[in-house]
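Colleague: Give me coordinates for this.
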Amino acid sequence: MQHRDLSGSVLSGASAAATENYIAAVEAYHCFAGDAGGLIEAAIADSPAFTMAHVLKAYLHLVGSNAAAVQVGVEAATTALSLPANDREQGHLAGLQKMLSGEYRAAGRIFEDLTIAHPKDALGLQAGQLMDFLTGDSRMLRDRIGRAAPYWDQGRPDYHAVLGMLAFGLEETGLYDRAEAAGRQAIELQPRNGWAQHAVAHVLEMQDRRADGIIWMRADIDAWTRESFFAVHNWWHLALFHLGLGEVEEVLKLYDGPIWGAKSDMAFDLVDASALLWRLWVRGIDLGNRWNELADVYQARADTLGAYAFDDTHAMLSFVGAGRTDAIQALLETQQAALKGPGDNASFTGEVGLPVMEGLVAFGAGNYGLAVERLRTVRNRSARFGGSHAQRDLIDLTLIEAATRNKDHDLRRALIAERAVALPSDETASIFGRAA
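Modeller: From the prediction side, this is the model:
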């Protein structure tokens with residue numbers, strides 16, 4: 001007997017019980033909360049030849065994790081590739097194979113074609129949007145979901161997931177009102193959808209609605225933190241709202257608690273920790289031993305660096321902040337090797353990552369003129385190494401501070417005026433409150 005997922009697609013190698021666990025695991029993956037790993041292990045234990053169960057296990061482990069988790073993902077992908085698969089599943093396997101080789105753009109194109117053919121495949125949409133995030137393709141963050149939208153309505157149980165993805169795509173393309181509406185609707189349907197929660201947070205961040213952001217994030221903390229593997233990033237968003245209001249003590253409290261208290265070595269969690277510390281550091285905030293604690297974790301996982309320039313840039317933040325000269329030099333050498341490496345990371349590194357890291361190193365050394373030169377060169381193309389607008393804003397904030405310390409008053413004035421066009425307030429002037 002054939003068993004099907006919520007899209008109506010046949011699941012190769014699945015029993016009824018395994019299908020039930022798989023559907024629940026996919027729902028947890030959509031929400032970034034719940035026991036997705038345990039559910040998928042139960043599905044595999046029941047049906048070892050369940051192709052999509054191994055695919056989902058790979059998706060859960062390959063990106064944003066640590067070395068041990070990545071290895072689990074590689075093994076799951078290898079198993080999936082050895083199993084029988086129907087046409088739709090072949091699309092997932094082809095995309096997964098490109099992910100394994102670091103060809104994220106090619107994987108994104110495969111997932112694009114997959115969901116053009118199967119627009120009700122919410123897992124395919126999510127896998128594709130992840131590739132768009134890794135490659136900084138804001139238009140595809142929106143458009144791959146928009147293409148599928150006519151096939152979705154509120155009667156479908158996973159409609160909230162598509163709304164959450166659409167919300168993030170709309171936000172990254174500046175369609176803020178529509179993004180906020182879609183994200184809020186997603187949360188009404190499924191309060192535990194951490195991706196939709198984060199999409200609305202991005203809107204409020206980009207619109208400088210700091211007080212609204214705090215209200216949004218604190219309204220139902222349990223919903224987006226309980227059993228969540230995305231909670232650290234959403235705590236980071238809350239911290240940014242407090243930082244924008246100058247509430248530094250609250251930011252440090254959040255950093256020491258839910259953001260870094262567990263000292264996670266997961267890549268995405270480390271990115272949030274280093275990015276928040278850097279924003280505090282360029283303001284001249286005394287961080288005590290926090291940089292050293294973070295740099296210790298990054299150095300302990302040095303063998304994972306060189307695979308993704310966006311993550312490596314955040315490692316560099318910690319090394320510069322902690323004054324780790326040897327680690328800085330080693331990471332710069334790792335980037336030189338990455339320029340000759342396989343997959344898309346060579347271009348991520350050459351076009352964006354290495355110049356940004358050189359700018360950060362120059363900033364830390366007090367060579368603000370060189371920092372300005374490096375960061376100005378790259379900031380308009382920084383999306384090419386992934387991340388969101390909110391995350392990449394660190395480059396512009398550092399550039400403004402470097403120009404200020406370099407006494408380049410004309411450039412500083414121009415950069416602040418530029419931001420005033422995009423923001424509804426003079427938030428930047430309050431951050432860098434020095435006379436021009």
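Colleague: Where does pLDDT dip in this protein?
Modeller: For the chain, the stretches with pLDDT under 70 are 423-436.
Colleague: try 90
Modeller: Applying pLDDT under 90 to the chain flags the ranges 1, 64-65, 419-436.
Colleague: residues contacting the residue minimising distance to the centre of it?
Modeller: The residue lying closest to the centre of the chain (Cα atoms, centre = their mean) is Gly387, at 5.6 Å. Shown in contact with Gly387 (Cβ atoms under 8 Å, 6 or more residues apart in numbering): Phe133, Gly136, Phe310. C-beta coordinates here come from the backbone N, C-alpha and C atoms, glycine included.
Colleague: go again using 7 Å as the cut-off
Modeller: Gly387 makes contact with Gly136, Phe310, according to Cβ atoms under 7 Å, 6 or more residues apart in numbering.
Colleague: Which of the helices or strands spans it?
Modeller: Using DSSP states H and E, Gly387 sits in no helix or strand.
Colleague: Roughly how far does it sit from Asp344?
Modeller: 14 Å (Cβ to Cβ, to the nearest Å).
Colleague: What count of nearby residues applies to the closest residue to Pro119 other than its chain neighbours?
Modeller: Excluding its sequence neighbours, the residue lying closest to Pro119 (Cβ to Cβ, 6 or more residues apart in numbering) is Ala148, at 3.8 Å. For Ala148, the neighbour count with other Cβ atoms under 10 Å is 22.
Colleague: cool, Ile259 as well?
Modeller: Neighbours of Ile259 (other Cβ under 10 Å): 25.
Colleague: same question, the one 3 residues further on
Modeller: By other Cβ under 10 Å, 11 other residues sit near Ala262.
Colleague: Contact partners for it?
Modeller: Applying Cβ under 7 Å, 6+ apart to Ala262 gives no contacts.
Colleague: tell me the SS of it?
Modeller: Secondary structure assignment for Ala262 (DSSP: H, G, I helix; E, B strand; the rest coil): coil.
Colleague: Please report the distance of it from Val248.
Modeller: Applying Cβ to Cβ to Ala262 and Val248 gives a distance of 22 Å.
Colleague: Next: Leu141.
Modeller: Counting by Cβ to Cβ, the gap from Leu141 to Val248 is 32 Å.
Colleague: Neighbour count: those two, which is higher?
Modeller: In terms of neighbours (other Cβ under 10 Å), Leu141 is the more surrounded of Leu141 and Val248; the figures are 26 against 14.
Colleague: Go ahead and confirm the more buried one touches Gly169.
Modeller: Yes: Leu141 is within contact range of Gly169, at 4.0 Å (criterion: Cβ atoms under 7 Å).
Colleague: tally of neighbours for Ala309?
Modeller: The burial count assigned to Ala309 is 29, neighbours taken as other Cβ under 10 Å.
Colleague: Can you verify my assumption that it contacts Ser347?
Modeller: No: between Ala309 and Ser347 there is no contact under Cβ under 7 Å: 9.0 Å.
Colleague: how about the nearest residue to Ile44, chain neighbours excluded?
Modeller: Using Cβ to Cβ, 6+ apart, the closest residue to Ile44 is Ala53 (5.0 Å).
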